[in-house]
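Asker: What would the 3D arrangement of this be:
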Amino acid sequence: MNEIASHGRIWDMVVAAGPMVKMVLILLVVLSIVSWAIILYKVLMLRKIEKDSSAYYDLFWQKKDLAHMLNVASQFPSTPMTKLVKGAHDEAAPLISKLRAGYDGSVVEEGLDYIERVLKKTITMERAAMEKTTAFLATTGSTAPFIGLFGTVWGIMNTFRAIGTQGAANLAVVAPGISEALIATALGLVAAIPAVVGYNYIISRTDRITKEMEAFSSDLTNILEKSLRHASKK
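Answerer: Purely as a prediction, here's the structure:
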């Protein structure tokens, strides 16, 4: 019963808050809801990426065949490694054809350099895609406390205004302004803390996936180099 009553008093304080503080509270609620939506979506997305990437990587080492990995790419829709395989295969296939047709083996080094650049660009683009919308979390984490602080200052200003109007500083006069000030402060922290934690978590997971892509890219380059060297000797 006490908990229910306490919740009721908090709601009463929100309802009794001034228009400016209510606008601050609404803005903070919106920031919090959007932040949680981004966090949940990104966590689920990164889990799928990690699961598909692990399975795809294992299969890659079993087969070591780019053509086969392209054929099964649709079975691993979440991993960006399929795009690395496609980019490497699309660039390597014409080179192998040229080498088998009698082109000079010097094209191997040029081809490998170009393939590495393509892979690096793909990794950069995939990382940017994974980090998309996370800037909102960083913005919320850095601005929400100050937005709440603005509501706090406004509530305290209302308190002093009420004291000046009433000519007294008893609890009945100062309580409404102080209460709305404290609510704004609390809600600013409620919006900011999950956003900061979520941002750091997402960035750390993205860093780990990026390192896995870089390792996979290195493995791809090594296998392609062997294929190109072998084709140049024929």
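Asker: Neighbours of Pro19, how many?
Answerer: Neighbour count of Pro19, defined by other CB atoms under 10 Å: 8. Backbone N, C-alpha and C define where each C-beta goes, glycine included.
Asker: er, Gly111 actually
Answerer: Count around Gly111 with other CB under 10 Å applied: 20.
Asker: Check which helix or strand it maps to.
Answerer: Using DSSP states H and E, Gly111 falls within helix 107-130.
Asker: now that helix: how far from the chain's centre is it?
Answerer: Here helix 107-130 is found 22 Å from its chain centre; the criterion is CA atoms, centre = their mean, to the nearest Å.
Asker: So which other helices or strands are in contact with the longest helix along the chain?
Answerer: Across the chain, the longest stretch assigned as helix under DSSP state H is helix 171-232. Counting contacts by 3 or more CB pairs under 8 Å, 6 or more residues apart in numbering; DSSP states H and E, helix 171-232 is packed against helix 2-16, helix 19-63, helix 66-71, helix 81-100, helix 107-130, helix 134-166.
Asker: Quick check: mean pLDDT of the shortest one?
Answerer: What it means is helix 66-71. Over the span of helix 66-71, the pLDDT mean works out to 86.
Asker: mind exporting it as CSV, just the C-alpha atoms?
Answerer: Only the C-alpha atoms of helix 66-71 are listed here, as CSV (Å, rounded to 0.1, in the frame of the first residue of the first chain):
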residue,chain,number,x,y,z
LEU,A,66,35.2,-19.3,-52.2
ALA,A,67,32.7,-20.6,-54.7
HIS,A,68,31.1,-22.9,-52.2
MET,A,69,31.1,-20.1,-49.6
LEU,A,70,29.2,-17.9,-52.0
ASN,A,71,26.7,-20.6,-52.7
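Asker: neighbouring contacts of it?
Answerer: Helix 66-71 is contacted by residues 56, 59-60, 63, 82, 85-86, 88-89, 92, 220, 223-224 when judged by CB atoms under 8 Å, 6 or more residues apart in numbering.
Asker: change it to 10 Å
Answerer: 56, 59-60, 62-63, 65, 76, 81-82, 84-86, 88-90, 92-93, 220, 223-224, 227 (CB atoms under 10 Å, 6 or more residues apart in numbering).
Asker: Among those residues, the buried ones, what's the ChimeraX command?
Answerer: Command for ChimeraX that selects the buried part of the contacts of helix 66-71, burial taken from 16 or more other CB atoms under 10 Å:
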select :56,59,60,76,81,82,84,85,88,89,92,220,223,224,227
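Asker: for the chain, what are the low-confidence residue spans?
Answerer: 1-18, 96, 99-107, 158-179, 230-234 (pLDDT under 70).
Asker: repeat that for 50
Answerer: 1-8 (pLDDT under 50).
Asker: okay, now the residue nearest to Ser32 when sequence neighbours are not counted: neighbour count?
Answerer: Leaving out its chain neighbours, the residue that sits closest to Ser32 by CB to CB, 6 or more residues apart in numbering is Ala191, at 4.1 Å. The tally of other residues near Ala191 (other CB under 10 Å) stands at 26.
Asker: cool, Lys83 as well?
Answerer: By other CB under 10 Å, 16 other residues sit near Lys83.
Asker: shouldn't it be in contact with Thr122?
Answerer: Yes: if you go by CB atoms under 10 Å, Lys83 and Thr122 touch, sitting 5.5 Å apart.
Asker: which neighbours do those two share?
Answerer: The contact sets of Lys83 and Thr122 overlap at Met213 (CB under 10 Å, 6+ apart).
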